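>>> Kindly return the folded structure for what I paste below:
(one chain, ligands or ions: 1)
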Amino acid sequence: MKNLRIGQGFDVHKFAEKRKLILCGVEIPHTHGLLGHSDADVAVHALMDALLGALALGDIGMHFPDKDPGYAGADSMELLKKVLALPEFAGYELLNCDLTIIAQQPKLAAYRQEMCRRIAQTGNWDISQISVKFTTTEKLGFTGRSEGIAASAVVLLGKAGD
Ligand code: MG
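Got it, this is the predicted structure:
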């Protein structure tokens, strides 16, 4: 493996009433969902920014402008497929992805497997390459006050050298 590229992404969305809570493509029952132009899947947004960052391709705001009505209510998993279909990804494979979702509530541990499965399925990756972790901020800050959810992601991509 000659060419290794690392990328990191971070995103935040705030809670709002009458919205679905979608994390890693999984709908989580909760009193509030996340507000955003798309489905506001904060975890997948962080993952896409990590993938784009690894190949120095800008960020998701550049690729999927929130002013574009075409992306209103967009399924972030479909956006992830679009990112992976960019010609620059040709020849690269995902070695691993490590995602952290920072939320005081709701409790998410029960959804970990399903989240990993959905990401692996969408990217055509093996589930062993995908890590999804959860943490709180001990009731400190905006996530601690349950005003929103943050997510951070790191990916490592590799391309076989000659
Ligand atoms: Mg976002």
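>>> which residues does Thr135 bridge with?
Judged by DSSP bridges, the bridge partners of Thr135 are Ile102.
>>> Tell me, how many residues neighbour it?
14 (other CB atoms under 10 Å). For glycine as for every other residue, the C-beta is placed from the backbone atoms N, C-alpha and C.
>>> residues in contact with it?
Thr100, Ile101, Ile102 (CB atoms under 8 Å, 6 or more residues apart in numbering).
>>> So in the chain, where's the weakest helix or strand by average pLDDT?
helix 60-63 (a mean of 95; mean pLDDT, DSSP states H and E).
>>> Any buried residues in that one, and which?
Ile60, His63 (16 or more other CB atoms under 10 Å).
>>> Which pLDDT value goes with the residue nearest to Lys2 when sequence neighbours are not counted?
Leaving aside its sequence neighbours, Lys2 sits nearest to Gly161 (CB to CB, 6 or more residues apart in numbering; 2.2 Å). Here, the pLDDT recorded for Gly161 equals 77.
>>> and the closest residue to the ion within the chain, how many neighbours does it have?
At 3.6 Å from the ion, His45 is the closest residue in the chain, using CB to the ion. Using other CB under 10 Å, His45 has 28 other residues around it.
>>> Quick check: closest non-adjacent residue to it.
Nearest to His45 is Asp11, by CB to CB, 6+ apart, at 4.2 Å.
>>> my read is that neighbour is in a helix, agree?
No - using DSSP: H, G, I helix; E, B strand; the rest coil, the secondary structure at Asp11 is strand, not a helix.
>>> near the ion, which residues of the protein?
Within the chain, the positions near the ion by CB under 5 Å from the ion are Asp11, His45.
>>> Hmm, Ala74 and the residue of the chain closest to the ion touching each other?
No - between His45 and Ala74 there is no contact under CB atoms under 8 Å: 10.8 Å.
>>> Which neighbours do these two have in common?
Ser38.
>>> okay, which residue is most central for the protein?
The centre of the chain sits closest to Val44, judged by CA atoms, centre = their mean, with a distance of 1.8 Å.
>>> and it, helix, strand or coil?
helix.
>>> Test my guess that it contacts Met77.
Yes - under the criterion of CB under 8 Å, Val44 makes contact with Met77 at 6.4 Å.
>>> For Val155, see how far away Thr123 is.
Quick fix: residue 123 is Gly, not Thr. 10 Å (CB to CB, to the nearest Å).
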